[in-house]
Every structure is written in C-alpha cells, then in structure tokens.
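Undergrad: the following comprises the amino acid sequence and a computationally predicted model.
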Amino acid sequence: MQPLAGLTVVSLEVAVAAPLASRHLADWGARVIKVERPSTGDFARHYDQQAHGLSSHFVWVNRSKESLTLNLKSEAGRQVLEQLLARADVFLHNLAPGAVDRLGFAAERLCQDYPRLIICGISGYGSSGPYRDKKAYDLLIQAEAGVLSVTGTADTPSKVGIPVADIAAGMYAYSGILTALLARYQTGQGTVIEISMLEALAEWMGFPAYYTLGGEAPHRSGASHPAIAPYGPFATGDGHLVLLSVQNEREWLRFCELVLTRPSFATDPRFENNSQRVAHRPLLEAEITAVFNQLSREAVIGRLEQAQIANAAINSVQEFIAHPQLAARQRWREVGSPVGMLPALLPPVTMAGAEPVLDPIPQVGQHTDAILQELGWETAEITALRNQQVI
C-alpha cells in the first residue's frame with residue numbers, strides 16, 4: 001500500500017510548479033485529477049517535442065495523473081469542478097493571479113463549504129503587495145530574487161539552467177500539503193496554504209543574503225566557489241573537466257603533496273590559508289592547471305581520491321543519464337505515454353516498504369468520461385457536454 005493511497009488531489013495546474021507538487025503526491029499513491037483546457041490542455045504540453053514527440057517539461061512532471069478537460073468559463077464546467085472538490089482532500093492551483101477567485105472558487109468560500117479541504121495556491125509574488133498581479137515566470141523570478149546577480153561569470157549574469165523558482169515553489173507546496181494533512185489528522189480541519197515563487201526562491205538565497213552582512217554581495221564566479229579556493233573546475237590533458245573542493249588546511253596539505261606533488265606549495269605565503277588562496281586565485285588556478293594538463297581525467301580523479309579530496313566529473317546530460325551510481329542503485333524505470341514507454345527516474349525519497357507509483361503520462365482529457373461517470377453523469381449528458389465544448 002502506498003503512503004498516500006486514498007488521498008484525492010484536484011489540481012488546476014499549468015507549467016511546472018503545481019504539476020511538480022502534484023506529481024510527487026501521485027508518486028506515493030495520491031489520486032491526482034489534473035484539470036486541463038479542452039483540446040489544448042496544459043500549455044506546457046506544447047513547449048517542445050523533444051521527448052519522442054512530447055514536451056520534455058510535461059513528461060517530467062505529469063506521470064501518474066488523470067486528465068480531465070473542463071471549460072471552467074461554462075456553468076456546467078464549474079459544476080463538475082464543484083462536484084470534484086466536494087470529494088477531494090486537496091485543491092491545488094497555480095493559475096494567473098485572481099483567476100480561481102473569479103471562477104467562483106475563492107478559498108474563503110471553499111473553507112466554509114468544505115472545511116476538511118486543504119487549499120494550496122501557488123503564485124509568483126503572493127496574494128498581496130504591489131507585485132500581486134505581476135506576471136511571473138521562472139526566469140523573471142530568478143531575476144527578482146537576485147539569483148542572476150550571483151550566478152554566471154564576472155562579466156555575464158546567467159540564469160540557472162533548470163527552473164529553480166518553479167522547483168522551489170513546487171517542493172514547498174508539496175511539503176506544505178503534507179504538513180497540512182498531518183495537521184488535519186490532529187484537528188479534523190483543512191487549511192489554506194499560499195506559496196509565492198519569489199518567497200520560495202528567497203529562502204534559497206539565504207547564503208548570499210547573510211554574506212552581504214559583511215558589506216558586499218558574493219561575486220559571480222562561474223563554476224568556482226566565490227569564497228573558497230581551490231574550489232571549481234579544472235581542465236585535464238585529455239580535454240575533460242574535473243571539479244574539486246579543498247575545504248580546510250589539512251586537505252590543502254594533502255592536495256599539495258599527493259595531487260600536485262609539490263609539497264612546497266603548502267607553505268607558500270601566497271597560498272598558506274584560504275583567504276590568501278582566494279586573493280591569489282588566478283595564480284593558484286594557473287599552477288593547478290599546469291599540473292592537470294599533463295594528466296588524464298582518470299589520473300587526476302585517482303590522485304584526488306587517494307588524497308581524499310572531494311571531486312566530481314563535470315558530466316554532460318547524456319553522461320548523467322548513464323551515471324554508474326544511478327545504474328547501480330537501479331534508479332531508472334519506464335513509464336507509459338501516448339508515444340510509448342519513456343525513461344523515468346524514481347522519486348529521490350526511498351521509503352522502506354513502499355513502492356512509488358509510475359503510471360502513464362495522460363493524453364489530454366484521457367480520463368474525462370470515466371471521471372464524469374464516477375460523478376454520476378449519464379452517457380447522453382457527457383455527449384452533450386462535449387458537443388457544447390464544456391469538455
């Protein structure tokens with residue numbers, strides 16, 4: 001039995017943040033009913049066609065869900081959603097600011113009608129304040145939260161290569177919903193949860209924020225650490241990159257002796273402590289690169305392992321997919337989809353005695369008829385809804 005079996009989630013979700021939260025609930029047995037626009041569905045279905053004709057974003061965050069199409073601007077569509085919420089445990093949404101309220105499903109009303117319902121809304125900036133109605137997408141939130149100011153090189157601010165604002169909001173929504181479920185177990189009452197993408201990512205900016213108490217913000221330093229040296233990528237003689245991290249003076253001594261085979265570096269006044277190494281970073285990195293250029297990636301990693309210096313290969317996406325650690329731990333599975341079987345990673349939580357659900361990625365509206373029949377709609381009524389473009 002999955003831990004969340006018996007839990008029903010109704011989600012008005014698009015893009016990444018809310019779908020990621022609901023997928024994690026589905027991974028552990030919750031029934032997730034994804035409400036989509038008739039015909040076109042979630043617009044993230046059309047971002048690209050890289051996953052054998054399907055959108056890579058959509059495939060990532062939408063397995064194990066039921067797709068129900070509803071035109072919520074119609075009275076009949078809203079009636080169906082009302083029926084679903086009357087039976088649901090969780091109502092999750094991340095539509096445009098105020099959209100759910102305008103449809104007649106404001107949290108205040110739902111709390112009165114369905115006191116056990118947990119209502120979770122995700123927005124860009126929150127339900128109050130001067131930015132309340134401002135459009136918000138992942139990169140825009142990265143910019144507003146200061147992420148671009150600390151990411152990239154000294155000359156070029158850069159976005160994080162994955163949608164970190166969406167992921168942060170989605171994961172806080174997921175943990176918030178689980179917390180609310182525990183509270184409901186104790187009190188019998190549902191609650192209202194609000195997640196702001198800006199506030200979620202602001203939490204992740206804690207280190208830069210506290211760093212500024214010293215009078216300046218962290219400098220953009222590419223893939224190197226702004227406050228520790230050596231800590232970053234170095235080229236090897238066979239054209240690869242190895243990332244290494246020296247965290248303390250004991251490691252620095254071993255690094256000089258066993259990796260660089262230059263023990264005198266350990267007592268060089270320019271490198272004798274971390275502050276000096278950071279101050280002389282260009283010279284230090286040039287010396288390390290001169291040594292590594294004579295070695296293969298395998299040889300460099302071998303020396304680092306011998307010296308017990310933390311290190312990592314800088315892998316491509318293809319190399320990550322084929323990572324031997326993921327293979328050894330059997331983290332890859334397959335899920336069904338409208339285009340056949342696709343690879344899927346198990347969720348990152350491994351829970352003894354529980355097996356994650358890896359059900360197919362749904363087609364638009366694939367489960368509409370079955371869900372309506374479950375709610376008591378007759379075949380003729382469902383046909384009428386389809387003819388009226390309600391579903």
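TA: Cool, got the structure. Numbering: from 1, shown residues only.

Undergrad: and the closest residue to Gly124 other than its chain neighbours, helix, strand or coil?
TA: Closest residue to Gly124 apart from its sequence neighbours, by Cβ to Cβ, 6 or more residues apart in numbering: Ala136 at 2.1 Å. To be clear about C-beta, it is placed using only N, CA and C from the backbone, and glycine gets the same treatment. With DSSP: H, G, I helix; E, B strand; the rest coil as the basis, the three-state label of Ala136 is coil.

Undergrad: neighbours of Ala136, how many?
TA: 24 (other Cβ atoms under 10 Å).

Undergrad: is it true that it touches Glu199?
TA: No: with contact defined as Cβ atoms under 8 Å, Ala136 does not count as touching Glu199 (11.5 Å).

Undergrad: quick one, strands of the stretch 51-200 of the chain?
TA: 66-69, 90-93, 118-123, 192-196 (DSSP state E, counting those that start in this stretch).

Undergrad: what's the first one packed up against?
TA: Using 3 or more Cβ pairs under 8 Å, 6 or more residues apart in numbering; DSSP states H and E as the contact criterion, the neighbours of strand 66-69 among helices and strands are strand 31-36, helix 368-374.

Undergrad: then the third one?
TA: Helices and strands in packing contact with strand 118-123 are listed as helix 17-27, strand 90-93, helix 107-113, helix 164-187, strand 192-196; criterion 3+ Cβ pairs under 8 Å, 6+ apart.

Undergrad: out of those, which comes closest to Leu253?
TA: Among these, the nearest to Leu253 by Cβ to Cβ is helix 164-187 (36.2 Å).

Undergrad: got the buried residues for the closest one?
TA: 164-174, 176-178, 180-181, 184 (16 or more other Cβ atoms under 10 Å).

Undergrad: what does stretch 2-12 give?
TA: Of the residues in stretch 2-12, 2, 4, 7-12 count as buried by neighbour count, 16+ other Cβ under 10 Å.

Undergrad: so which of those are in strands?
TA: Using DSSP state E, the subset of those located in strands is 8-12.

Undergrad: just put these in a markdown table and tack on pLDDT and distance to Val147.
TA: Shown next, in a markdown table, are these (pLDDT from 0 to 100; distance: Cβ to Cβ, whole Å):
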| residue | pLDDT | distance to Val147 |
| --- | --- | --- |
| Thr8 | 98 | 35 |
| Val9 | 98 | 29 |
| Val10 | 98 | 32 |
| Ser11 | 98 | 27 |
| Leu12 | 98 | 27 |
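
Undergrad: greatest separation within the residues you listed: which pair is it?
TA: Pairwise distances across these (Cβ to Cβ) peak at 14.3 Å, for the pair Thr8 and Leu12.

Undergrad: identify whichever of the helices and strands packed on strand 118-123 lies nearest to His240.
TA: helix 164-187 (26.5 Å).

Undergrad: and the angle from that closest one to strand 192-196?
TA: Interaxial angle of helix 164-187 relative to strand 192-196 (axes from the mean of the first three to the mean of the last three Cα atoms, to 10 degrees): 160 degrees.

Undergrad: what sits up against helix 164-187?
TA: 7, 15-21, 24-25, 61, 89-90, 92, 94, 116, 118, 120, 122, 138-139, 141-142, 145, 147, 189-191, 193, 195-198, 200-201, 203-204 (Cβ atoms under 8 Å, 6 or more residues apart in numbering).

Undergrad: got the contact list for Glu305?
TA: By Cβ under 8 Å, 6+ apart, the neighbours of Glu305 are Asn311.

Undergrad: hmm, I typed the wrong one, I wanted Ala106.
TA: Counting by Cβ under 8 Å, 6+ apart, Ala106 touches Val100.

Undergrad: re earlier: from the contacts of helix 164-187, keep the buried residues only.
TA: Buried members of the contacts of helix 164-187, counted by 16+ other Cβ under 10 Å: 7, 15-21, 24-25, 61, 89-90, 92, 94, 118, 120, 122, 138, 141-142, 145, 147, 190-191, 193, 195-198, 200-201.

Undergrad: now tell me what touches the helix or strand bottoming out on mean pLDDT in the chain from outside.
TA: Counting by mean pLDDT, DSSP states H and E, the chain has its least confident helix or strand at helix 206-211, which shows a mean of 92. Contact with helix 206-211 is made by 146, 149-150, 217-218, 227, as judged by Cβ under 8 Å, 6+ apart.
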